[in-house]
Each structure stands twice: as structure tokens, then as C-alpha cells.
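Asks: Build me a structure from this.
(2 chains)
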Amino acid sequence: EADIYQTPRYLVIGTGKKITLECSQTMGHDKMYWYQQDPGMELHLIHYSYGVNSTEKGDLSSESTVSRIRTEHFPLTLESARPSHTSQYLCASRAQGATEAFFGQGTRLTVV
Amino acid sequence: GENVEQHPSTLSVQEGDSAVIKCTYSDSASNYFPWYKQELGKGPQLIIDIRSNVGEKKDQRIAVTLNKTAKHFSLHITETQPEDSAVYFCASYSGGGADGLTFGKGTHLIIQP
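Replies: This is a model prediction of the structure:
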């Protein structure tokens, strides 16, 4: 069982609200990632980090932002949620120099 | 950048039969090919992987084959069981780019009782 946790698991929120999705890992991994998973299952990389104070945008443009103040924590924030943000968000981490990525269980976000 | 194509998008097989999922990649520098399984309500989890210097790898009922010349690799599941029902993702790792790991679009495997 991977030691990477996402909270909340499910979230229903109104349009215009600010939300933060939490992701924490206890494996000491430097690299962390956020993926957006659409209903068709495809994984889209939206943000990644190589370590503390490092954040980069992924392949899919996203209105969300991320921060990496601590190695173990990589939160994702939406300043003003919209129905188009409704999706499953998956966090993952990987050790420097390693190839295996460990995923959290995901947050299913619904914006109404 | 790397492009990974995965087929089929949905696969339905009878319990006990074999299932095969195929992927192709474009970057000849890719050297590592993992397969992830995502069960309902969970995140993807690594089930088997293969490196470019190996042609085949087995782990009990699952096996992965790699053809570097043709740039394709496949996942084989034999004697399928209900717990094999899940979404399977192939991926390739080239060590470069934004992340180095590029995923296929996924295959929804359904095991019919």
C-alpha cells in the first residue's frame, strides 16, 4: 500500500467557491504530480514538482495552481470553481531517479 | 514528445479466457514500460513493468512483451478472474520532457462471469 493520501475523497461545491485539494506523501519523494482524469479515463498531467519551491505546469492547461512548501505536501487550489472543473483529480509521487509512480486514491470533484 | 497509443479502449472477455492489451510508442529513446491497474474508486497501481533490454517478463498470470524494433508492447492476462476487471494503463518512460512518463488512454477490461 502506497503512503500517499488525498483529501477529501469526494467534494461537491458551488460555482465560484475557492477550494484546495490536499495531497500528502510520507515516502520522502522529491517528485510529485497532479493528474486530471476525464470520464473517458485518460490521465492528463496538469502540474508537477521536482522538489520544494519547484512547480511546473503540465501538458494540459489548468486554471488551478499548486504550491510545494514542504516535501511531503503538494496542495492544488482552484480560486473560483466552475462546472467545467468537475473531474477526478489524482496525485502521484516518485522518488528521484526512480521510475515507479505511486498514486493517491483521488478526489472526485463536482462543481454545481 | 512521446506519444503512446493504447488499444482497445474496452475489452470484454469470459472468465477464464485470456486478455491482451496493446500499446505503441513513438520515442525510440524510451527505455521503461510500466503497466498500471486502476480499480474502481482507487488510484492506478503498478502491476508489472519491463525495461528495454528485456523482451518478456512474467508474474504469475500476467506477462508483458516488448518489441523495440516495432515500438510496441503488450499486456497479457491469462485465466482471467472477476478481480481482473479494472482500467489498465500502459506507459512509457523516456527520462525527458516534463515528466518522463507518458500514459496511454486506458483500457476498460470487463470479465464476464
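
Asks: show me where pLDDT drops low in chain A?
Replies: When residues are selected by pLDDT under 70, those of chain A lie in A:1-2.

Asks: Residue numbers of it in contact with chain B?
Replies: Contact residues (CB under 8 Å from any CB of the partner chain) of chain A with chain B: A:2, A:33, A:40-43, A:45, A:48, A:56, A:58-59, A:90, A:92, A:94, A:99-101, A:103-106. Bear in mind the C-beta positions are built from the backbone N, C-alpha and C, glycine included.

Asks: In strands only, show me the residues you listed.
Replies: Of these, the ones assigned to strands by DSSP state E are A:33, A:43, A:45, A:48, A:56, A:90, A:92, A:94, A:103.

Asks: measure residue B:13 to residue B:5 for me?
Replies: Remark: distance between residue B:13 and residue B:5 (CB to CB, to the nearest Å) = 21 Å.

Asks: Would you mind telling me which of those two has the busier surroundings?
Replies: Legend: neighbour count by other CB atoms under 10 Å in any protein chain shown for residue B:13 and residue B:5, higher for residue B:13 (17 against 14).

Asks: Check the gap between the closest residue in space to the more buried one that isn't next to it in sequence and residue B:93 for me.
Replies: Once flanking residues are discounted, residue B:13 sits nearest to residue B:19: 4.9 Å by CB to CB, 6 or more residues apart in numbering or on different chains. Distance, residue B:19 to residue B:93, using CB to CB: 24 Å.

Asks: the more surrounded of those two?
Replies: Neighbours per residue, other CB under 10 Å: of residue B:19 and residue B:93, the larger number sits with residue B:93, 25 against 19.

Asks: That one reaches residue B:100, doesn't it?
Replies: Yes: contact criterion CB atoms under 8 Å: residue B:93 and residue B:100 qualify, at 5.3 Å.

Asks: who touches the host helix or strand of residue B:48?
Replies: Per DSSP states H and E: residue B:48 is located in strand B:45-51. Residues outside strand B:45-51 that contact it (CB atoms under 8 Å, 6 or more residues apart in numbering or on different chains): A:2, A:99-101, A:103, B:31-39, B:56-57, B:59, B:62-66, B:73, B:75.
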